[in-house]
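Asker: here are the coordinates; sequence isn't available:
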């Protein structure tokens, strides 16, 4: 197993990524190799300085970084030696089994869609994220930004993608799917959700339980919340800001702690032909470590094969 | 001045509405008459029981209630003696200067749009709500549910409505307007927000400051946040649930306290030919009192005339 990690991605890279890689590697088995993609010599130097054995890792030399504010498509095309472009090149040709980066989300999305490509039958891949439940555990929310405008058929597919992710990565049996909406009744909503409801209702690959409202998001109502990428992105950033506010105010609480992205490492791009994970720009070593472990879980669970089966 | 209040609207009506009316009346001037719309005899009885002088109020006998789950249009049409139908009848013919209810939001919206009607030039009225700012005060968010699907021209008008409300009701000079979106840059967003941005930029009736993201909502970024009614409703219910969670967990804090809908009383339907306010279903006497005082402020500020001027 080859787990690809972008050493140059994230606001605190390369230190955060290398420290995170060191911690992750300690928990990996011998046949689970962590492949560090970045400036090889610099990476080896930093590993040594941190007291880690460079032989415990594999390397891909990719000295160029794509910054957070570069145009995704341009950057990927014009920087073939960037860590993100290299990562996708190797993921596509099978040299890597997964690729994760806390770098430019747009570039990760472009790379995933244009190099690894969507799974046959999947209209549009989606980015999924975790939303904590008040009592314990968390639900999955998707899409949170890959598709600002969606069609009902896309939301119907997101429901399948999210359900498979909840089931095979988090062990939720027959995950409950809720359609994020503005009323409980079937006929409530905007044009998109009103048209999506009957598709979800008839979809026998999922356990659809009806409309969810903003107020249900942190309850046990559903395990998977489906919405367009615009709504999901607004919700995600709003929830993150609440978490930030509770942190600033020094409010320690089990529920608020579960908003911490660090513990689940990153957000998968679901619906492409390989495990691809996008980390938060402000990823700490702890977040990077968990992003690597999530990569491993996605490979081990054969989630990509499960998704392929569901769409074929 | 005649301030109309639906005595039968809200989960705890008529007690909550009558107790709220009594408190509100104490702060009103002699020429500011509170008109109680509901079962007149029952209302007078309850006022007496509560130790209030029934002569301090005016009455409209409307014994029928429209429940929370009735179909708005049907209910309004089929129950001419309901408090909501009567309220709008009197508002339309000028016997009332404002109408407020904590009852069926849909019925309030239907009544406002079909009886009082949209101000000439206003494409679609919107429901506005308050969102607390972390430091102090609050911003205005609209639309939060009147229009699940919006066109760019509507959002551009919401910006004017929200700005006038912030300015004339809350005294914010040249309110900053933010477009709720999923990126800072002008070209980011969904089809709606991308098309709305240039309209806002060219709109010389507002102080547009650019795109706002979910994370900006509780900051000092803007005074007015503009979005479609689907997004706004999801955001509103999510924010309310956060507030509910902090309450349940016993977290007392100045910022969280400002989420309390009770203190601002209700959400105005902006863009119709009279002040119309919708209260929260769970309105307490305190909320009802503040809804009455907000009604008075809307009448006194001549906000309807300001809106008419802006659109003509």
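Answerer: It's in. The model shown is predicted, which means the values in this text are computed figures rather than measured ones.
Asker: From here on, just use CA atoms for contacts and neighbour counts.
Answerer: Fine.
Asker: does residue A:211 sit in a helix, a strand or a coil?
Answerer: strand (DSSP: H, G, I helix; E, B strand; the rest coil).
Asker: Then residue A:68?
Answerer: With three-state DSSP as the basis, residue A:68 sits in coil.
Asker: same deal with residue A:80?
Answerer: Residue A:80 ends up coil, using three-state DSSP.
Asker: what's near enough to touch it?
Answerer: When contacts are counted by Cα atoms under 8 Å, 6 or more residues apart in numbering or on different chains, residue A:80 touches residue A:86.
Asker: Tell me the spacing between it and residue B:109.
Answerer: 56 Å (Cα to Cα, to the nearest Å).
Asker: again, but for residue A:31
Answerer: 63 Å.
Asker: pretty sure residue A:200 contacts residue A:158?
Answerer: No - judged on Cα atoms under 8 Å, residue A:200 makes no contact with residue A:158 at a distance of 10.2 Å.
Asker: Please identify which of these two sits among more neighbours.
Answerer: residue A:158 (29 against 25; other Cα atoms under 10 Å in any protein chain shown).
Asker: Residue A:273 and residue A:122, how far apart?
Answerer: Distance, residue A:273 to residue A:122, by Cα to Cα: 10 Å.
Asker: ditto for residue A:213
Answerer: Note on residue A:213: its distance to residue A:122, by Cα to Cα, is 26 Å.
Asker: how about the residues of the stretch 51-200 of chain A that lie near chain B?
Answerer: Neighbours of chain B within the stretch 51-200 of chain A, by Cα under 8 Å from any Cα of the partner chain: A:145, A:148-149, A:180-182, A:189-191.
Asker: All the strands of the stretch 151-300 of chain A, in order from the start?
Answerer: Remark: strands assigned in the stretch 151-300 of chain A by DSSP state E, counting those that start in this stretch are A:176-180, A:207-212, A:224-226, A:267-270, A:276-278.
Asker: List the buried residues of the longest one.
Answerer: Judged by neighbour count (16 or more other Cα atoms under 10 Å in any protein chain shown), strand A:207-212 contains these buried residues: A:207-208, A:210-212.
Asker: and which of those is nearest to chain B?
Answerer: The closest of the buried residues of strand A:207-212 to chain B turns out to be residue A:212 (Cα to the nearest Cα; 9.7 Å).
Asker: check contacts around that closest one.
Answerer: By Cα under 8 Å, 6+ apart, the neighbours of residue A:212 are A:178-184, A:221-222, A:225.
Asker: now, among those residues, which is nearest to chain B?
Answerer: Set against chain B, the nearest of the contacts of residue A:212 by Cα to the nearest Cα is residue A:182 (6.2 Å).
Asker: got a list of what the closest one touches?
Answerer: Contacts of residue A:182 (Cα under 8 Å, 6+ apart): A:188-189, A:211-214, B:145, B:230, B:233-234.
Asker: Wait, residue A:160 touches residue A:206, no?
Answerer: Yes - between residue A:160 and residue A:206 there is a contact under Cα under 8 Å: 6.1 Å.
Asker: if you count what's nearby, which of those two comes out ahead?
Answerer: Between residue A:160 and residue A:206, counting by other Cα under 10 Å, residue A:160 is the more crowded of the two (25 against 21).
Asker: neighbours around the closest residue to chain B within the stretch 1-150 of chain A, how many?
Answerer: Here the residue of the stretch 1-150 of chain A nearest chain B is residue A:148; by Cα to the nearest Cα that distance is 4.8 Å. Using other Cα under 10 Å, residue A:148 has 21 other residues around it.
Asker: Check the secondary structure at it for me.
Answerer: Residue A:148 - assigned by three-state DSSP - is coil.
Asker: And it, what's its pLDDT?
Answerer: We have a pLDDT of 97 for residue A:148.
Asker: That one: what's it in contact with?
Answerer: Residue A:148 makes contacts with A:228-230, B:189-191, as judged by Cα under 8 Å, 6+ apart.
Asker: got these as a markdown table, with pLDDT, neighbour count and distance to residue B:39 columns?
Answerer: Below are these laid out as a markdown table (pLDDT from 0 to 100; neighbours: other Cα atoms under 10 Å in any protein chain shown; distance: Cα to Cα, whole Å):
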| residue | pLDDT | neighbour count | distance to residue B:39 |
| --- | --- | --- | --- |
| A:228 | 98 | 26 | 46 |
| A:229 | 98 | 26 | 48 |
| A:230 | 98 | 24 | 46 |
| B:189 | 97 | 24 | 50 |
| B:190 | 98 | 19 | 48 |
| B:191 | 97 | 12 | 49 |
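Asker: Contacts for stretch A:23-36, please.
Answerer: Residues from elsewhere that reach stretch A:23-36 (Cα under 8 Å, 6+ apart): A:1-7, A:21, A:43, A:56-60, A:285, A:289-290, A:292-293, A:296.
Asker: Report the buried members of those residues.
Answerer: With burial judged by 16+ other Cα under 10 Å, the buried subset of the contacts of stretch A:23-36 is A:1-7, A:21, A:43, A:57, A:59-60, A:285, A:289-290, A:292-293, A:296.
Asker: Just the ones in helices from the residues you listed, please.
Answerer: Applying DSSP state H to the buried ones among the contacts of stretch A:23-36, the entries found in helices are A:21, A:43, A:285, A:289-290, A:292-293, A:296.
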